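K.L.:
Fold the stuff below for me.
(2 chains)
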Amino acid sequence: MSAISGNACAERRLRLATAMADEGIDILVVAGNPWRSDYLRFAADITPVEGQAFAFIDRDGPARIIVEHPAEAARFRSEQAELDVRWSLSAIEETEIAIRELGKRRIALAPRAAVPYRLAMGPLVASIAPATALLDRLMLRKSPSEIEAFRRAAVLADEGYAVFLKAARVGRPEYALIADVEAFFRSRGCPENFQILGSGGREVRGMHPPTERRLAPGDLVTTELTPCVEGYYAQICRTLVLGEPSTAQERAFAVYNEALEAGVAAVRPGAKARDVARAQNEVFRDHGLGDYVTSEYTRVRGHGLGLYVDGRPAVLEDVDLDLEPDMTLVVHPNTYHPEVGYFVHGDSVRVTPGGCEVLTRTPRRLFSVPLV
Amino acid sequence: MRRGLISWSRDEVSPSVLERRVACLQEQMRAAGLGVVLIYTSFARPSAAAWLTHFVPYWNEALLVVFPTGAPVLLAAFSKRVHDWIRSVSHLGEVRSAPDLGRAAAAFLKERPPESPRIGVLELDALPWHVAEPIMKSEYGRAVVDATGLFAAIRQPADEAEIRLARHAATIAVQAFKAIPTGAKRASELLSVLEGSARLAGAEEVLPRLAPDLRADATLCRLEGDALLGERYAVELSVAYKATWVRITRCISTQAVPPSWRGAADRFVETVERLNEANLSLEPQVAGRVRKTVAWTLETCRGSPPLSIVATGEAPSPSALPGGSLACLFLQLDLDDGPWLGGEPIILGSRGHPSRLLI
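P.N.:
All right, here's what the predicted structure looks like:
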């Protein structure tokens, strides 16, 4: 375990134990899987690769882990020798039995996104919402060690985009670009990355996993890449052109860049998530592109980052969550542009006491890749 | 969290193959009196919906709704903007936007009430509560039954299309193993080569686990950061190609391959040959340089997880699996000069017929 990881783990445990004591919770049962591993990572410092996992957390730390696969059990035991790890073909049933055996202790179940039906149907159903809210609160503001991991993930995101830029060449299939980036991330010891992309022109309405489509001259190539360091994800979004950008592409870039700058400028303690969304959307409205900030063309204007790639808050005009120092998020005015197609542009930021710090450093340019 | 190529080739999996699978499920549904079956799909549990429709989620979640007749409907929590992409990679009747999946499912059932009131849910126990709650609280809640056994009964044996995809996945994995540089010193170097090779060959997913120094510890780990490679190490590589998963485990020596490993590989093949649908147990291996079998698992896909355990040395009673099933066998042996790990995809033999290696 690295120093950052060890510190982050200790800080998380302390904060969780305090919160559990405040809420009168003796045992917190946390569910997770390879996609929603964030709550498990926070509470027990484990990251499942396959199957479901359940962690029993008491105020002294993780007490027991139940998983579905013997290889996962062996791995967790190897990572944390002090853990009582069991595996079962019926891990949910095993967890249910283990909860029952806890008797009259005050038990809570979380998170809502990963708790399975069978456990929720039991007597702990009423605990799911408050226990999830408790964890969400703790995971929103990052500790110094968490910020350090996030900072390193942002550096990796910049380096990953440089690899992507080099990989994007006319004639290559989309999936080859991802292969180059993933190989690079592995070379840096990065175990996870969420990345989608798009390529083409006005017909492109969004991003998706890579296809067999081969890049062509004049394409806009979009990507968001989200590498992970010590469990913490940072994201960067950029758009490049294969060849010289057209006037329309340059014009579109200017709008997205203005919107990103406006969004980043709106990030400060006391502002709400909706203020950051509105600042970006106003730029589009001012340019007569107001239709393109609706859900028909875009999802969010950014989102929280941390142990999950798409965390709270969603940056939308109807989300009134207050921004506080040491929240981490990506600001991205990604949406469809009627003249050039889907366009992305975004940076990872940390809310600071006086405003915000932009952690991804890749220049905010419409990159042009020469046609060779 | 690292999806690679996702695409649907009609040459590899024709619409008729998918329709046959759906028809098979529908036949079972009619026999069981089920008016509809709901199949949850997500990044972590993609395989049941993918087997029926070729749809693989790269994030988010969806519910596949299968009626006793007609094409499946996908209720997708994805943005409408990606519906065209969903249609391009899958064979579906209708795709509906369903940001609040459970609520959308309850509303959909009200709009299209099933003829029979019984509603099957694949892996009901595991259905995420945020999806299950609105369904269970709706007028259909009382009619919900678990359809896990029904689905598992039709999922294997594998058809020709699936076996072809599995062979392709296994070939990708083997090529990736061949790409490992002989002088690799660090885990990051090794994993980078495996990842790059497999993804350039079209892998949809690459999941490596590594025991970096077999003399110190044979546990297969997920690495964050880096580790020095020992003189002997082991790699487990799980590769998905077009939603079909295989798992291959190899031991690698930076020196000449130890003779004991050749013997272990022979034992592995003998084990494969002894397995069949009537015999899913492994006898303890003690012969030559093999001191004992430390662990073994037989896995297959018969629900929404890509691979789940059918039989293992740690659980006494294996569940049934028909001959012709696509499975992955893993074996860990204790040799007189240290541990040995091996794993390969196999086609399970029927009664009286041995299993065989997939490639």
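K.L.:
partner residues bridging B:Val95?
P.N.:
Counting by DSSP bridges, B:Val95 forms beta bridges with B:Leu74.
K.L.:
need the contact list for it.
P.N.:
If you count contacts by CB atoms under 8 Å, 6 or more residues apart in numbering or on different chains, B:Val95 has them with B:Val73, B:Leu74, B:Ala76, B:His83, B:Ile86, B:Arg87. Every C-beta, even on glycine, is put in place using the N, C-alpha and C of the backbone.
K.L.:
Where does the record place the domain boundaries for the chain?
P.N.:
All of this is about chain A. Using automatic domain parsing, the domains assigned to chain A come out as A:3-139, A:144-369.
K.L.:
Chain B, not that one
P.N.:
For chain B, automatic domain parsing gives the domain ranges B:15-155, B:160-357.
K.L.:
In TSV, list those along with distance to A:Asp219 and mean pLDDT.
P.N.:
Formatted as TSV, these follow (distance: least, CB to CB, whole Å; pLDDT from 0 to 100):
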stretch	distance to A:Asp219	mean pLDDT
domain B:15-155	17	96
domain B:160-357	20	94
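K.L.:
Just say helix, strand or coil for the residue nearest to B:Ala211 when sequence neighbours are not counted.
P.N.:
Nearest residue to B:Ala211, sequence neighbours excluded (CB to CB, 6 or more residues apart in numbering or on different chains): B:Ala234, at 4.3 Å. Following DSSP: H, G, I helix; E, B strand; the rest coil, B:Ala234 is assigned to strand.
K.L.:
how close does B:Ala234 get to B:Asp217?
P.N.:
Separation of B:Ala234 from B:Asp217 (CB to CB, to the nearest Å): 10 Å.
K.L.:
can you check A:Glu72 too?
P.N.:
Using CB to CB, A:Glu72 is found at 16 Å from B:Asp217.
K.L.:
Which one's more surrounded, those two?
P.N.:
Comparing A:Glu72 with B:Asp217 by other CB atoms under 10 Å in any protein chain shown, the one with more neighbours is A:Glu72, at 24 against 14.
K.L.:
The more buried one: what's it in contact with?
P.N.:
Residues in contact with A:Glu72 (CB under 8 Å, 6+ apart) are A:Pro48, A:Val49, A:Glu50, A:Gly51, A:Ala53, A:Trp87.
K.L.:
Please identify the helix or strand for the first one.
P.N.:
With the criterion set as DSSP states H and E, no secondary-structure element contains A:Pro48; it sits in neither a helix nor a strand.
K.L.:
Show me which parts of stretch A:277-291 are buried, residue by residue.
P.N.:
The neighbour-count check on stretch A:277-291 (16 or more other CB atoms under 10 Å in any protein chain shown) flags A:Ala277, A:Arg278, A:Ala279, A:Gln280, A:Asn281, A:Glu282, A:Val283, A:Phe284, A:His287, A:Leu289 as buried.
K.L.:
what residues does the stretch 1-150 of chain B put near chain A?
P.N.:
Proximity of the stretch 1-150 of chain B to chain A, by CB under 8 Å from any CB of the partner chain, involves residues B:1-7, B:42-45, B:58-59, B:79-82, B:84-85, B:88, B:124-130, B:132-133, B:136.
K.L.:
ok, the residue lying closest to B:Ser253 once chain neighbours are set aside - how many residues close by?
P.N.:
Excluding the flanking residues, the one nearest B:Ser253 by CB to CB, 6+ apart is B:Arg232, at 5.0 Å. Residues near B:Arg232, counting by other CB under 10 Å, number 24.
K.L.:
Show the contacting residues for B:Arg232.
P.N.:
B:Asp213, B:Leu214, B:Arg215, B:Cys251, B:Ile252, B:Ser253, B:Thr254, B:Pro258, B:Gly338.
K.L.:
Distance of it relative to B:Ala211?
P.N.:
Per CB to CB, B:Arg232 is found 9 Å from B:Ala211.
K.L.:
Out of the buried residues of stretch A:277-291, give me the two with the largest separation.
P.N.:
The most widely separated members of the buried residues of stretch A:277-291, counting by CB to CB, are A:Ala277 and A:His287 (16.4 Å).
K.L.:
helices or strands up against the lengthiest strand in chain A?
P.N.:
Identified as the longest strand of chain A according to DSSP state E is strand A:220-229. Counting contacts by 3 or more CB pairs under 8 Å, 6 or more residues apart in numbering or on different chains; DSSP states H and E, strand A:220-229 is packed against helix A:144-167, helix A:174-187, strand A:193-200, strand A:236-242, strand A:341-343.
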